[in-house]
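Asker: task: produce atomic coordinates for the following.
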Amino acid sequence: MSEITLPFDGATYEPEDSPRLSEQLQFVLLILKRGEWYSAEELQGELKKYQVKAGTAGITARIRDLRKPKFGGHNIPHKRIKGVDRYRLLPEEAMF
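Answerer: Numbering: from 1, shown residues only. You can find the predicted model right below:
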């Protein structure tokens, strides 16, 4: 992935975090584009395959970011499946 720095913000945001957050966001989107349902833990496992570090709280934060207009306004619903929250990029935005 290219090194893109995105416009993050918020009360706890530090500018030096931008490269790490940008990488997480790009890879979470890449994985969600598969169009499957993922729990935060499953996304964490997929990110590890790309050597991207992120905790489950960070992953759900990146999903919230991806829903914001400035990060693409992606339609990423969540639902509880067998007691676990799962997330999916809707098919019209998915690659497959």
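
Asker: count the residues that sit near residue 28.
Answerer: Close neighbours of residue 28, defined as other Cβ atoms under 10 Å, add up to 29. Bear in mind the C-beta positions are built from the backbone N, C-alpha and C, glycine included.

Asker: ditto for residue 23
Answerer: Residue crowding around residue 23 was assessed by other Cβ under 10 Å; the count is 23.

Asker: adjust the sequence numbering to begin at 492 for everything that follows.
Answerer: Right, with 492 as the first residue, what we last looked at is residue 514.

Asker: what's the average pLDDT for the host helix or strand of it?
Answerer: Here residue 514 sits within helix 509-523, counting by DSSP states H and E. Averaged over helix 509-523, pLDDT sits at 96.

Asker: centre of the chain to it, how far?
Answerer: 6 Å (Cα atoms, centre = their mean, to the nearest Å).

Asker: please apply the same query to stretch 505-518.
Answerer: Per Cα atoms, centre = their mean, the centroid offset for stretch 505-518 relative to its chain is 11 Å.

Asker: follow-up on the earlier one: next structured bit after the helix holding residue 514?
Answerer: Immediately after helix 509-523, counting by DSSP H and E, sits strand 529-530.

Asker: how distant is that following strand from the center of its chain?
Answerer: That offset, for strand 529-530, works out to 11 Å (Cα atoms, centre = their mean).

Asker: stretch 522-531 too?
Answerer: For stretch 522-531, the distance to the chain centre is 9 Å (Cα atoms, centre = their mean).

Asker: what does the helix holding residue 514 contact?
Answerer: Under the contact criterion Cβ atoms under 8 Å, 6 or more residues apart in numbering, helix 509-523 has outside partners 492, 494-497, 499, 529, 534, 537-538, 541, 543, 545, 549-550, 553-554, 556-557, 562-563, 565, 567, 578-580, 585.

Asker: buried residues, that helix. List them.
Answerer: Using 16 or more other Cβ atoms under 10 Å as the test for burial, helix 509-523 gives 512, 513, 514, 515, 516, 517, 518, 519, 520, 522, 523.

Asker: what do you get for stretch 553-572?
Answerer: So for stretch 553-572, counting by 16+ other Cβ under 10 Å, buried means 553, 554, 556, 557, 562, 565, 567.
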